[in-house]
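S.K.: For reference, the sequence and a predicted model appear below.
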Amino acid sequence: MAVGSHAGAAPVSAVSDVVPPALTLCRAFAWSMIGVLFAFLLNNYLNYWQDWPSASSVFDGQISARGLFQAGLYVFAVAAASAYVLRSRTGLLRPDSERIYAMNAAIVRGAFWAVLLIGLADAVISFVRVEGFLPGLVGDKLAIDLGRPSFRGAWVHFPMIVAGVIVAYFKRGLGFPWLALLVVAAEMLIVISRFIFSYEQAFMADLVRFWYGALFLFASAYTLMEEGHVRVDVLYAAFKDRTKGIVNAICCILLGMSLCWVIIIYGMGSQSAVINSPLLAFEVTQTGFGMYVKYWMAGFLAVYAVTMLLQFCGYFLESVADFVSEPGKRKLETGVAHETYEN
């Protein structure tokens with residue numbers, strides 16, 4: 001089942017030509033939030049990976065073409081979001097939420113496949129390296145280079161990310177059950193090798209942590225869409241749909257989006273921030289010949305915050321749609337979760 005197949009949804013022509021300004025404002029707010037998010041991420045890359053001056057330099061009196069471009073990204077993001085909303089003044093909120101869900105699903109799919117491929121490739125390299133087979137397979141120079149985190153990140157991990165995005169484009173399922181199965185298989189391999197063959201290496205435990213961290217953080221946005229997170233239903237369960245809608249919409253802004261922005265700003269607000277610093281330094285563990293993926297686990301937190309923020313934007317629009325009783329309410333199918341969150 002694809003996101004966007006709402007039974008009984010009213011056609012656009014059935015909507016009144018007079019669109020309430022409040023609904024237009026809600027759509028503009030959600031899309032502007034997404035635009036500002038991507039402008040921030042692009043600026044973060046330009047600031048700390050390309051040594052650009054940052055958008056704030058313009059307000060510090062250091063006027064430059066690059067600084068103006070970076071500041072203009074935020075203006076463009078809000079303007080583009082507003083233009084999109086004004087051009088499509090249908091008065092319908094659910095189609096917008098579906099588009100956001102689909103966008104988020106594409107990001108999570110790419111992240112899932114990237115993590116899968118990086119984990120397999122790095123585990124194989126770590127195994128042949130710790131066993132001393134690497135020089136014989138690739139030569140002394142390349143074997144030394146593969147022992148450097150920056151080289152392995154640039155020439156092994158980054159190509160795996162590209163490959164993961166390509167695979168995600170053709171393979172539309174999220175695959176969380178498969179990632180959970182791989183975590184179990186990796187842990188089982190440790191048990192079997194340790195207690196039967198008395199063999200264990202640091203990279204084996206690293207692989208379990210790497211995949212488990214991805215499973216936990218990448219699946220959070222999807223779990224939110226299916227309302228699978230723990231909710232204290234003392235009062236909420238007795239609310240009518242319209243009341244639930246306004247409560248969810250307010251909480252999306254006050255609790256959800258605000259939390260995501262705290263993680264993004266504090267985690268990526270400077271070169272020494274907790275997300276940027278490991279990524280810039282290609283940080284790895286110091287335990288023997290372990291996997292070189294510790295810095296990616298810091299990046300998992302960024303993926304979590306970004307995907308959750310996108311999901312909260314879509315959930316906000318869907319909640320407002322519930323409040324105004326827009327037809328076509330999505331039916332939750334948690335039992336087949338991995339199938340319902342597809343394009």
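M.R.: Yes, it's here.
S.K.: tell me the contacts of the residue lying closest to Trp49 once chain neighbours are set aside?
M.R.: Leaving aside its sequence neighbours, Trp49 sits nearest to Leu280 (CB to CB, 6 or more residues apart in numbering; 7.4 Å). Bear in mind the C-beta positions are built from the backbone N, C-alpha and C, glycine included. Contact analysis of Leu280 by CB atoms under 8 Å, 6 or more residues apart in numbering lists 48-49, 271.
S.K.: for Leu301, same thing?
M.R.: 217, 263, 267, 274-275.
S.K.: Quick one: low-confidence residue ranges for the stretch 101-250 of the chain.
M.R.: Scanning the stretch 101-250 of the chain for pLDDT under 70 picks out the ranges 174-175, 228-233.
S.K.: just to revisit the earlier point, check the contacts of Leu280 for burial and list the buried ones.
M.R.: Buried members of the contacts of Leu280, counted by 16 or more other CB atoms under 10 Å: Tyr48.
S.K.: Closest to Met188 out of the contacts of Leu280?
M.R.: Distance to Met188 across those (CB to CB) is lowest for Trp49, with 38.5 Å.
S.K.: follow-up on the earlier one: buried stuff in the host helix or strand of the residue nearest to Trp49?
M.R.: Counting by DSSP states H and E, the element that carries Leu280 is helix 276-281. Residues 276-279 are the ones in helix 276-281 that count as buried (16+ other CB under 10 Å).
S.K.: After that helix, which helix or strand is next?
M.R.: Downstream of helix 276-281, the next assigned helix or strand under DSSP H and E is helix 294-323.
S.K.: chain center to that next one, what's the gap?
M.R.: The chain centroid and the centroid of helix 294-323 are separated by 7 Å under CA atoms, centre = their mean, to the nearest Å.
S.K.: mind listing the strands for the protein?
M.R.: In the chain, no strands are defined using DSSP state E.
S.K.: that older thread, of the contacts of Leu280, closest to Val36?
M.R.: Within the contacts of Leu280, distances to Val36 taken as CB to CB reach their minimum at Tyr48, with 18.4 Å.
S.K.: Relative to Lys171, how far out is that closest one?
M.R.: In this view, Tyr48 and Lys171 are 32 Å apart by CB to CB, to the nearest Å.
S.K.: next one: Ser150
M.R.: Using CB to CB, Ser150 is found at 30 Å from Lys171.
S.K.: now do Ile192
M.R.: Look at Ile192 and Lys171: by CB to CB, they are 30 Å apart.
S.K.: got it, and Leu301?
M.R.: For Leu301, the distance to Lys171 (CB to CB) stands at 25 Å.
S.K.: Same question for Gly61.
M.R.: Counting by CB to CB - Gly61 and Lys171 are separated by 50 Å.
S.K.: Tell me which of those two has more neighbours.
M.R.: Neighbour count, other CB atoms under 10 Å: between Gly61 and Lys171, Lys171 has more, with 12 against 6.
S.K.: isn't that one right up against Arg109?
M.R.: Yes - Lys171 lies in contact with Arg109 (CB atoms under 8 Å); the separation is 7.3 Å.
S.K.: residue ranges of the helices in the stretch 1-150 of the chain, please?
M.R.: Using DSSP state H, counting those that start in this stretch, the helices of the stretch 1-150 of the chain run over 21-48, 56-59, 65-87, 94-130, 134-138, 140-146, 149-152.
S.K.: Return the most buried member of the ones you listed.
M.R.: Of all these, helix 94-130 carries the top mean neighbour count, a mean of 21, counting by mean count of other CB atoms under 10 Å.
S.K.: now that helix and helix 65-87, what's the angle there?
M.R.: Inter-element angle recorded for helix 94-130 and helix 65-87: 140 degrees (by axes from the mean of the first three to the mean of the last three CA atoms, to 10 degrees).
S.K.: on contacts alone, who are the packing partners of helix 94-130?
M.R.: Helix 94-130 sits against helix 21-48, helix 134-138, helix 140-146, helix 158-170, helix 176-195, helix 202-225, helix 294-323, with contacts defined as 3 or more CB pairs under 8 Å, 6 or more residues apart in numbering; DSSP states H and E.
S.K.: Of the ones you listed, which is nearest Thr243?
M.R.: helix 294-323 (8.2 Å).
S.K.: how near is Val234 to Leu120?
M.R.: Taking CB to CB as the measure, Val234 falls 45 Å from Leu120.
S.K.: Repeat that for Trp113.
M.R.: 11 Å.
S.K.: ok, Asp206 touching Met291?
M.R.: Yes - between Asp206 and Met291 there is a contact at 3.9 Å, judged by CB under 8 Å.
S.K.: Spit out the residues that contact the two alike.
M.R.: Counting by CB under 8 Å, 6+ apart, the shared contacts of Asp206 and Met291 are 123, 126, 285.
S.K.: related to what we said a few turns ago, can I get the helices of the stretch 1-150 of the chain in TSV including distance to Ser258?
M.R.: Output for the helices of the stretch 1-150 of the chain, formatted as TSV (distance: least, CB to CB, whole Å):
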stretch	distance to Ser258
helix 21-48	11
helix 56-59	21
helix 65-87	18
helix 94-130	18
helix 134-138	47
helix 140-146	42
helix 149-152	34
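S.K.: Show the pLDDT at Val324.
M.R.: Looking at Val324, its pLDDT stands at 91.
S.K.: Cool, thanks, signing off.
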